[in-house]
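Visitor: sharing a sequence plus its predicted fold:
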Amino acid sequence: MTYLEYNVKTVPTGWRKILYMNWPLVLLLTAVAGIGFLMLYSVAGGSFSPWAEPQMKRFGLGMVLMLTVAMVPIYFWRNMALLAYIGSLGLLLMVEFFGAVGMGAQRWIDLGFMRLQPSELMKVAMVMLLAAYYDRLPLSRTSRPLWVIVPILIILLPTGLVLTQPDLGTAILLMTAGGLMMFLAGVHWLYFATVIGAAAGGIWAVFQSRGTEWQLLKDYQFRRIDTFLDPSTDPLGAGYHITQAKIAMGSGGWTGRGFMQGTQSRLNFLPEKHTDFIFNTLAEEFGFVGGVSLLALYVLILLFCIAAAVQNRDRFSSLLILGVGLTFFLFFAVNMSMVMGLAPVVGVPLPMVSYGGSAMLVLMLAFGMVQSAHIHRPRQA
Amino acid sequence: MRRTPRETQESARRITRRGLILGGGQLVFASVLALRMRHMQVDQADEFRLLAEENRINIRLIPPARGRIFDREGRIIAENEQTYRITLTREDAGDVATVIRRLGQLVELDEDDLNRALVEMERTPPFFPVTVADRVKWEDISRVAVNAPALPGVTTEVGLSRFYPNRALYAHVAGYVGPVSERDLGRYEDPPPVLRIPRFQIGKVGVESKYEEKLRGSAGAKRVEVNAVGRVMRELDRREGVAGADLQLTVDTALQDYVQARLGPESASVVVMDLEHGDLLAIASSPSYDPNKFVRGISVKDYGELRDNDHRPLASKTVQDAYPPGSTFKMVTALAAMDAGLMTPDDTVWCPGHLEVGGRKFHCWKRVGHGHMNLEQSLRESCDVYYYELALKVGIERIAAMARKLGMGEAHDIPMSAVTSGLVPDKAWKLRERGADWVIGDSVNAAIGQGFVLASPLQLAVLSARIATGRAITPRLVKSIDGVETPRPPAADLGLNPNHLLQVRRAMYAVSNHRHGTAYRSRIVAEGLRMAGKTGTSQVRNITAAERARGVTSNDDLPWDRRDHALFVNFAPYENPRIAVSVVVEHGGGGSTAAAPIARDVSLQALYGEDPPLEAYPTADRRRIKALQERLARERALRHAGGSDSA
C-alpha cells in the first residue's frame, strides 16, 4: 500500500491532526530537552545565561518547527528529499569556500540570528533521500550491484565534503547512518560482510605493516593514531580532557554529588562542559541514577520510533522514521562512548541536551517528519 | 509509486525484520553504555572521587618564622624584619601600562625588576599577582595605599626577611640566608616541601646553615579549593606553622664589636675563649662584609669586590684558615719533651745561633745566638735552637701526640662553615700524603711550628686554653636553643703532669712580664689581671738569596703578601685564668709587634667588659692607648649610628 492507495477519509485532517500525533515521543523529547536546560543552568553556575535561556528559546522554536513540519503531509517531504539533499550539498560546498572558521574547522554559515551547520542539515537530508530512493526502487533490484552503487555515492559525496572541513565526528555519523539505512532497506547482508571484512583487513594490514619495510603510514601518523585511540599516552595534552571527563563521571557515584555541587564542572576541570561533555556534568551531579535515567529516555525514544516504523505500512515513512531514530541513536551512542572513554573524542554533541542551535533544530525538524509520517500513515479503511 | 499489495507486504516484512535486528543491536549497545556507567560510577567511584578531590584541593604552605639568633646577653644577632612588596594583578589592572606609569610616579621602580615582572605576567594566568617592586619602604607603601583607587590591581604584601642589625660583625659566625637554590635542594634526598615556598630563605653559611633545621621551624598549611587554571576559589581550613627555635650564641656583641674595630683594616683574626665552659666570647675575622647584602641578592659588582680583595673578607679566617703556628707551637714541643721524661725545666741548651742537623744548618731567629737557655728562658726569648735540640731527642711522633692532645689536628665541633682540622704531621702522614720518608729536618722545623704544622686561630685559642687549665676544653658557640642550655659536661683532665704545665705557664708569664720577654712591651700591669702568652712569627716563605743580595733583610722591605704572619696566644689572668686568646695578623710581621698588642687590648676588654682603665697599661703606653680607645669608641659609635638607619 502506498500513499496513493490511502483511504483518504481515514487520514486526519486540519487541527485534528494534532490529536493523532505521536504524543509520547513529543513528551520524551521535551523531557530530554528539560534535562538539558537543567544541566546548562548548572554548568553556568546556577544561571540561565549564557546557555540555558537561548537553549530554551531554541527549543521553543524547534517545537513550532516540529509541529509545522508534522502538519504537512509526508508525501510532500518525500518529494522534497532530492531538493533537500542537493540544497544541503550546496551549503556544504559554500562553507567550504565562504564558511567562518570555528574551533579550527570550517563548519557553519552565519545566518545572523543563528549559525547554521550544513553538515547537521545533511544528516537529515541524506536519510530522506535514501528513504525516498529505496521507496522508488523496486524491491527486486535492492541488492543489484548497480543499484547499490547509487546510494553509496549519495553517502560518500557529503561524507567526503565533511571530512575536508575537517569534522571526523559528523563524517563517521553520516557514513554509519547511510550504511545502516541501506541495511534497513534490505540490501543483501553479503555486501556488509564484504565491506566490514575489507575494512577490518585493511586496518589490520596497516597496523601489521608498522615497523616493517613496507610500512604503509609514516611514523608520526602512527603516533597520531596512537594518541587518538588511547589519549592516556598523552596525559597533559589530548589525554587531559578525557581524564578529567572520566573523573567527573566516576566521582558521581550512585546518586551524584548533588545539583550544582559537581566540583569537576564547577571548577572548570571538565572541558567543553556545556557542549560535548555535558553528560559528565549530569553524571557527576546526579550519579549513576541520573545517567541511566537519561539513557533510558533515549532508549524509549528509540523504541517509540521503531514501533512507529513497524506500524507504518508506507515504505518511505518506515525508512524515514527508522533513519531518524538511527541518527538520533548514533548521536547519543557516539557521544556517550566518547565521554566515558570508550571511544576517541571526535566532537559529537549529546542530542537535545548539548548546547547548540543547529543540531537541536535539525533534530526537531527530523522528528517533525517522523510525526508527519505517523499522522499521515496509511490506515486500513 | 504504485506497488502490488504483495510487494508492499514484502517491503513491510523486510523493514520490520531489519528494523528489529537493528533495534536489538541498539539496545545491546545501550546496555553496554549502562554497564560502563555502572563500572565507573559504582565500582570505581571511590577512586575517581579521590582524583576529583586531588584536583580540587590544593595545599598551600605557610612559611614559618625563622628562629632568631641572640648573643650571650640576649642582644639580637639575626632577626626577621617585615618587608613590603608591591604586586600587580593583570586581570584587575586592566591597562597594565597606565597603572605602572602611575605607580612609577609614586614609588621608585627598578627598570630590571619591572621588565622581569612584565615577562612574568605574560607567562602566568591573569589573576596571578606578580611582584613589581620588592623591599619597598614603609613610606612608599603608605603612599601606594592612599592612592589605591587610582591603582587597580595593585596590592601590597608583607613578608618576613632575615636582617642582621650588627652588619659585618657576625658575617662569618652567623653567616647569612638566601633564596633556596637547586644546590640546597640537592642536599636533601627528599627536600621538605617548605623549601618550595617562593621567596623562602635558607641558611647558606655559618650558624644559619649549620642550624638550618632548628632555625627553620615547620611550615603551616592551608587547604584551598582551586579551579582548573589554579585560581583559588576559597580557603577550606588552615593550620599555622611552628616558628623555628631561637638560638643563643656564646659570643658577646660588645666584645666582638671591640675586636672588629681593633683589627680595623688588617687581614686578621681573633678568638677569645671563656675558660669555664669553652664559650667563644668573640670570634672575629677581619675584614668582614655585610651579610644583609647577600640576603637581598648581592650585585655582581659588590661580590666581585669582595672576591677579588687580597685581604679576603669572605674568608672566615678564625676557623677555615690554617697557618704555621710558628713559635706558639713551642709549648707543645716542651710539654712533649717533659712528658716523655727527656727534659727537665732546668736543663740548659747552648744556643750559638744555629744548629747543624744532617748537614743542614737550622738558624735561630737570633743570629748571634742566645747562649745558655733553660725552658723558661727559651720560651721567654723564643730561642729556636733549644727546640731544635728537643726535637732531636723527642721525635715527631711524641710531638704530634702532644699537639693532638692540646686540640690541634682536629676540626673542633662548632657550627661555622668550613672548620679546618689544621695539620699535625707525623711519619705516616708524610708517607701517605707526600710519598716521602720523614727526615729529621722535618722534626726540627715542626718543633718551632714551621714546616708542615698548620693550626687555625681557633685551635691556637684552644691550645692556650688547655695549657691554662690542664683540661680538655672544647670551644662552644651555641649557648642555648629555645632557652634550653646546651649541655656542657665539665672538660676532662688532660692527664698532663701539673708541674710540667706550671713550668710552661710560668715561662709564658715571663714572655709577657719578664724584661727579656718577647711580649714584654705588651704587658698588663693591673694586679691580678696579668697575662701569660707566647708570640709567634710564621714565615710565609724564606727570604731568597737573591733578595738578600738586593738588601732585603726584614719584612718591611717585602711586599705585603710576602711578609710573615704575626701570631700571639695568651691566657689571663695568670693567677686565675678566665680567658684564652689567640691573634693572627696575616702578613703582620713579628708576633711581638703586630699581634701581642692586639691580644693585650682584647684581653683587657674581655676581662673588664668595657674599655679598661689606663692604669692597666704600662705608664709609657697610656697616652697612646688613650688615643686608641677614643678613636675606637668614635668608630664604633659611628658604625652603630650607620647600622640603624636603613633597616
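Guide: Received it, and whenever you're ready, just let me know what you need.

Visitor: name the helices or strands packed onto the helix or strand hosting residue A:59?
Guide: According to DSSP states H and E, residue A:59 maps onto helix A:52-71. Judged by 3 or more C-beta pairs under 8 Å, 6 or more residues apart in numbering or on different chains; DSSP states H and E, helix A:52-71 is in contact with helix A:23-43, helix A:357-375. (Each C-beta comes from the backbone N, C-alpha and C, glycine too.)

Visitor: residue B:154 is nearest to which of those helices?
Guide: helix A:23-43 (33.8 Å; C-beta to C-beta).

Visitor: and the closest one, what's its mean pLDDT?
Guide: Taken as a whole, helix A:23-43 has an average pLDDT of 95.

Visitor: show me what counts as buried in stretch B:157-174.
Guide: B:159-174 (16 or more other C-beta atoms under 10 Å in any protein chain shown).

Visitor: for stretch B:620-637, same thing?
Guide: For stretch B:620-637, by 16+ other C-beta under 10 Å, it's B:621, B:625, B:629, B:632, B:636.

Visitor: now, which of those sits nearest chain A?
Guide: Nearest to chain A among the buried residues of stretch B:620-637 is residue B:636, at 60.5 Å by C-beta to the nearest C-beta.

Visitor: and residue B:490, how many neighbours does it have?
Guide: 10 (other C-beta atoms under 10 Å in any protein chain shown).

Visitor: same question but for residue B:526, I mixed them up
Guide: With other C-beta under 10 Å as criterion, residue B:526 counts 17.

Visitor: tell me the secondary structure for it?
Guide: Under DSSP: H, G, I helix; E, B strand; the rest coil, residue B:526 falls in the coil class.

Visitor: setting aside sequence neighbours, what's the nearest residue to it?
Guide: Using C-beta to C-beta, 6 or more residues apart in numbering or on different chains and skipping the chain neighbours, the partner closest in space to residue B:526 is residue B:616 (3.8 Å).

Visitor: same thing with residue A:264?
Guide: Per C-beta to C-beta, 6+ apart, closest to residue A:264 is residue A:248, 3.5 Å.

Visitor: other residues contacting the helix or strand containing that neighbour?
Guide: Element membership for residue A:248, per DSSP H and E: helix A:238-250. Helix A:238-250 is contacted by residues A:227-228, A:231-233, A:235, A:262, A:264-265, A:269-272, A:277, A:279-281, A:283-284, A:291, A:339-341, A:345, B:37, B:40-41, B:44-45, B:47-49, B:51-52, B:55, B:228 when judged by C-beta atoms under 8 Å, 6 or more residues apart in numbering or on different chains.

Visitor: just checking, which of those belong to strands?
Guide: Among these, no member falls in strands (DSSP state E).

Visitor: so which of the helices and strands packed on helix A:52-71 is the most packed in?
Guide: With neighbours taken as mean count of other C-beta atoms under 10 Å in any protein chain shown, the helices and strands packed on helix A:52-71 reach their highest mean count in helix A:357-375, at a mean of 24.

Visitor: check the secondary structure at residue B:130 for me.
Guide: strand.

Visitor: and it, how many neighbours?
Guide: 20.

Visitor: isn't it up against residue B:122?
Guide: No. Counting by C-beta atoms under 8 Å, residue B:130 does not reach residue B:122; the two are 9.7 Å apart.

Visitor: and the buried residues of stretch B:157-174, which is closest to chain A?
Guide: Distances from chain A to the buried residues of stretch B:157-174, taken by C-beta to the nearest C-beta, are shortest for residue B:159, at 28.5 Å.

Visitor: what about the stretch 51-200 of chain A, any weak spots by pLDDT?
Guide: Within the stretch 51-200 of chain A, the ranges that satisfy pLDDT under 70 run A:98-108, A:110-114.

Visitor: interface residues of it facing chain B?
Guide: A:135-136, A:138-139, A:180, A:183-186 (C-beta under 8 Å from any C-beta of the partner chain).

Visitor: again, only this time at 7 Å
Guide: A:136, A:139, A:180, A:183-184, A:186 (C-beta under 7 Å from any C-beta of the partner chain).

Visitor: how about those, which pair is most distant?
Guide: A:136 and A:180 (19.6 Å).

Visitor: the two - which one has more neighbours?
Guide: residue A:180 (23 against 12).

Visitor: thought the more buried one was touching residue B:22?
Guide: Yes. With contact defined as C-beta atoms under 7 Å, residue A:180 counts as touching residue B:22 (6.4 Å).

Visitor: where do the helices of the stretch 1-150 of chain A begin and end?
Guide: A:23-43, A:52-71, A:74-98, A:118-136, A:145-163 (DSSP state H, counting those that start in this stretch).

Visitor: who touches the second one?
Guide: Contact partners of helix A:52-71, identified using C-beta atoms under 7 Å, 6 or more residues apart in numbering or on different chains, comprise A:17, A:21, A:33, A:36-37, A:40-41, A:44, A:355, A:357, A:360-361, A:364-365, A:367-369, A:371-372, A:375.

Visitor: ok, stretch B:20-33 next?
Guide: With C-beta under 7 Å, 6+ apart, stretch B:20-33 has contacts from A:180, A:183-184, A:295, A:299, A:302, A:306, A:329, A:333, A:336-337.

Visitor: from those, which is closest to residue B:455?
Guide: Distances from residue B:455 to those, taken by C-beta to C-beta, are shortest for residue A:337, at 80.6 Å.
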